[in-house]
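Visitor: starting from these lines, generate the structure:
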Amino acid sequence: MPEDDHKHAGNADVALSEITDLAHQILARATRGARRIEVDGQYYWTPPLDSVLDIYTERPELVMGDAGETMRNLHRYLEDEDAPYHAQALAWLGQLLQVVAARINQ
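Guide: You can find the predicted model right below:
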């Protein structure tokens, strides 16, 4: 990897546009050839959002999610321009990406 690719290795912050670019590039490469992935009825485990960054206390209980419901929640979020739950929408997206990764890995 070129040296510029490591410029954020020690930094505590990152441009959100860089995350967006990385997401697009990784999705394009990782899903190459895949047209659709069945997610309805696909359940998964996830930690509660408010415990994700708290690594110093006891490990949180995992919550069961439903990928189909998560997908519907993301669509509802995008349909409502006044939706106040931006952090939860990002968490749902991350959860859905984990389901996609697990399905591709099967």
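Visitor: for residue 64, see how far away residue 57 is.
Guide: 21 Å (CB to CB, to the nearest Å). (Each C-beta comes from the backbone N, C-alpha and C, glycine too.)
Visitor: which strand or helix spans the residue nearest to the spatial centre of the chain?
Guide: Using CA atoms, centre = their mean, the residue of the chain that lies closest to the mean C-alpha position is residue 94, 1.1 Å off. Under the criterion of DSSP states H and E, residue 94 resides in helix 86-105.
Visitor: roughly how far does residue 89 sit from residue 74?
Guide: In terms of CB to CB, residue 89 sits 6 Å off from residue 74.
Visitor: repeat for residue 93
Guide: From residue 93 to residue 74 the distance is 6 Å (CB to CB).
Visitor: please apply the same query to residue 92.
Guide: Counting by CB to CB, the gap from residue 92 to residue 74 is 5 Å.
Visitor: cool, residue 84 as well?
Guide: For residue 84, the distance to residue 74 - CB to CB - is 15 Å.
Visitor: neighbour count: those two, which is higher?
Guide: residue 74 (16 against 7; other CB atoms under 10 Å).
Visitor: I'd assumed residue 88 was in contact with the more buried one.
Guide: No. Counting by CB atoms under 8 Å, residue 74 sits too far from residue 88 to count as a contact (10.0 Å).
Visitor: overlap in contacts, those two.
Guide: Taking CB atoms under 8 Å, 6 or more residues apart in numbering as the contact rule, residue 74 and residue 88 touch no residue in common.
Visitor: distance from the chain centre to stretch 37-49, please.
Guide: Relative to the chain's own centre, stretch 37-49 is displaced by 11 Å; criterion: CA atoms, centre = their mean, to the nearest Å.
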